[in-house]
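**Student:** Quick one: sequence and predicted model below, then my questions.
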Amino acid sequence: MDSSQLLKGVLDTAVLAVLEREDGYGYDIVRRLREAGFADIGDATVYGTLRRLYAAGFLKTYVVPSDDGPHRKYYAANVQGLETLQAQRDIWAEFVKNMSQVLGPAQTPTGKASK
Amino acid sequence: MTIVQDQTITEFVARVKKALVGQDANVVADLTDNLEADLLDRQSAEGAAFVLGDPRVFAAELLASAGLSGSARQSGPLGRFTRSVAGAVWRFLKVIRPAWWVFRGLMAYTLIWFVLLHQEKYIPDNAGAWLALMVLIIASVQVGRANSRKWAVRAPLALLNILAILVSGYWLVGFTQVRDNYQRMSALFDSGMLLQHARVVQYAYAYDENGKQLPMSTIRDGSGNIIFEQPSAETLPSVLSGLIGNSLKNAVGVLGFLDYQNVKIDYQTAVDVKPGTVTDVRLSFDAMDVPYVELVVAK
């Protein structure tokens, strides 16, 4: 199974979770997602997602001056974003529980798990 | 403040923006405002492993993940091939631009000297004309080299370029005339017929010193070779008998080349012959004893 396909379905949640811990700018968020294990995630995918979450009203932005380049646009999760994240956490927990059950060891006719 | 810049990244971002043409300006700004700084960060973090990829693919990924309708300007292999060929042609045209500048100067000369002043010679034939040609060519080259971006310059220049292309038609007409004359002269020389002032001697008369016409059937050169044979209904020049079987159009063309001004066409019914085909050629003489060619054509 290609994990990148799975990630597409939960990328919004992953980005909100990253921003819940600490505000960040574009590449900073990409880097933190990669460090979290999503090594193949494309930066364009993250930038597009940030723009979509912002347009949906889940993020706020502010500009931080930089000494060695253009000013940085930082993203932060707003209240609506954090509420959405919490709701998605619940959905995710339920989803993982169900999937774990489905993916658990196959049952024998006697009810014992097979080796 | 020191601004860090990388030409490759700057160009990449410009291409991404170009691929997003058609999208709302605010959307493009949202998606690309910090892109250059982000890519510089990534370059710094990845070092030698840093790769930018295809800007059109990048733009398409931006749009897709942003959930925006429309697409970045991408294309299949045919589109890429077409763009590649168009790019090569454009680069070639840019390389030969100086030749166009010189040509434009020559056309400006042609417009002034030939079209407006009604001079007959295409090529300058005096010092003043040469000087005018040189000045116009240098002016055209200098304007081309200046490569001004101002519309006040570019608009009239575009008009002049169009005018230059139109004026080049005069040169084409001139070249066509030269080619036609060359073909005509070739045909005349190849015909083996007696020429005088580049025209075929179709009929010759001999007179004595008293102005009395003498019978004459042939003219021979010093070696006794026949260089002219008085045509008659019986002794048809071979070039004329060769017209039999040709189309009327071709026959008339050949006769035109050979300066046969007097041609009569006689349409006759013919069996198993394509209409318009020359079936017979005769040399006849009118009441003034002037020869004319009579083409018998199948109808």
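**Tutor:** Now that the structure is in, tell me what you want to look at.
**Student:** where in chain B is pLDDT low?
**Tutor:** In the predicted model of chain B, residues B:1-5, B:69-77, B:79-80, B:149, B:187-188, B:190-193, B:198, B:202, B:231-237 satisfy pLDDT under 70.
**Student:** And the helix ranked longest in it, what does it pack against?
**Tutor:** Scanning chain B for the helix with the most residues, using DSSP state H, yields helix B:151-190. The contact analysis (3 or more CB pairs under 8 Å, 6 or more residues apart in numbering or on different chains; DSSP states H and E) places helix B:151-190 against helix B:97-109, helix B:127-146, helix B:248-257. Using the backbone N, CA and C atoms, a C-beta is placed for each residue, glycine as well.
**Student:** between that helix and helix B:127-146, how many degrees?
**Tutor:** When axes from the mean of the first three to the mean of the last three CA atoms, to 10 degrees is applied, the directions of helix B:151-190 and helix B:127-146 differ by 130 degrees.
**Student:** excluding its backbone neighbours, what's nearest the residue most central in space within chain A?
**Tutor:** Geometric centre of chain A, nearest residue: A:Ala14, 0.8 Å, by CA atoms, centre = their mean. Nearest non-adjacent residue to A:Ala14, counting by CB to CB, 6 or more residues apart in numbering or on different chains: A:Leu33, 6.2 Å away.
**Student:** Then B:Asp286?
**Tutor:** B:Tyr292 (6.1 Å).
**Student:** picking up where we left off before, specify the angle between the longest helix of chain B and helix B:248-257 in degrees.
**Tutor:** Interaxial angle of helix B:151-190 relative to helix B:248-257 (the same axes, to 10 degrees): 80 degrees.
**Student:** continuing past helix B:151-190, what's the next helix or strand?
**Tutor:** Remark: after helix B:151-190, the chain's next helix or strand is strand B:195-196, criterion DSSP states H and E.
**Student:** And for the residue in chain A positioned nearest to chain B, the neighbour number?
**Tutor:** Nearest to chain B, among the residues of chain A, is A:Gly48, at 3.0 Å (CB to the nearest CB). A:Gly48 is flanked by 24 other residues according to other CB atoms under 10 Å in any protein chain shown.
**Student:** what's the helix or strand hosting it packed up against?
**Tutor:** In this structure, A:Gly48 is located in helix A:43-55 according to DSSP H and E. Applying 3+ CB pairs under 8 Å, 6+ apart, one finds that helix A:43-55 makes contact with helix A:3-21, helix A:26-35, strand A:59-64, helix B:25-32, helix B:35-46, helix B:55-65.
**Student:** What does the pLDDT read for A:Met99?
**Tutor:** For A:Met99, the pLDDT comes out at 89.
**Student:** residues touching it, list them.
**Tutor:** Not one residue lies near A:Met99 by CB atoms under 8 Å, 6 or more residues apart in numbering or on different chains.
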